[in-house]
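Q: okay, here's the prediction I keep looking at, along with the sequence it came from:
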Amino acid sequence: MYPVRAAQYFLGDELTVVGAALRWNPGHGVDVGGSALLRRADGVTAVLTFGFGYRYGAEYDLWGSTGRLGTQRAFALGATDVPVLRTEDEKGSAEAPSRSAGPVPGRRGRVRRGGP
């Protein structure tokens, strides 16, 4: 659910599933991992992957034509954990503590418009 909500946060609610696969555990009768390709009407896509039994990640990256931004441990943090926001563009890269445990507030509009 976290990957889907992050995609909706940054790309909006009007996403269509154009491909998906699940990893199923027949012994427990539940899905334990999977991937999905989501698409917005204007062609923007999101690739989501989730699963149990992997090293904990809870991270996202947004790629654009002039750079990218992302974070690790974005969703479930311990009391003293601070997620780090990474940015990268043609001028270089930087990391800074994020004040948010989830998707970065205030960045949504700039990412959507392609601004800094």
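A: Everything's here; your move.

Q: from residue 33, how far out is residue 48?
A: Residue 48 is 11 Å from residue 33, where distance means CB to CB, to the nearest Å. For the C-beta atoms, the positions are set from N, CA and C on the backbone; glycine is no exception.

Q: more neighbours: which of these two?
A: residue 48 (18 against 15; other CB atoms under 10 Å).

Q: what's around the nearest residue to the more buried one once chain neighbours are set aside, how many residues?
A: Nearest residue to residue 48, sequence neighbours excluded (CB to CB, 6 or more residues apart in numbering): residue 3, at 4.0 Å. Using other CB under 10 Å, residue 3 has 20 neighbouring residues.

Q: what mean pLDDT does the helix or strand where residue 3 lies have?
A: For residue 3, the host element (DSSP states H and E) is helix 2-11. The average pLDDT within helix 2-11 is 91.

Q: dump it to CSV, keeping only the CA atoms.
A: Taking C-alpha atoms only, helix 2-11 is exported to CSV below (Å, rounded to 0.1, in the frame of the first residue of the first chain):
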residue,chain,number,x,y,z
TYR,A,2,2.8,2.4,0.8
PRO,A,3,4.3,2.4,-2.8
VAL,A,4,0.8,3.0,-4.3
ARG,A,5,0.1,5.9,-1.9
ALA,A,6,3.5,7.4,-2.7
ALA,A,7,2.9,7.2,-6.4
GLN,A,8,-0.6,8.8,-5.9
TYR,A,9,0.9,11.6,-3.8
PHE,A,10,3.4,12.6,-6.4
LEU,A,11,1.5,11.7,-9.6
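
Q: buried residues in the helix or strand just after it, which are they?
A: Counting by DSSP H and E, the element after helix 2-11 in chain order, helix or strand, is strand 15-25. Neighbour counts over strand 15-25 (16 or more other CB atoms under 10 Å) mark residue 15 as buried.
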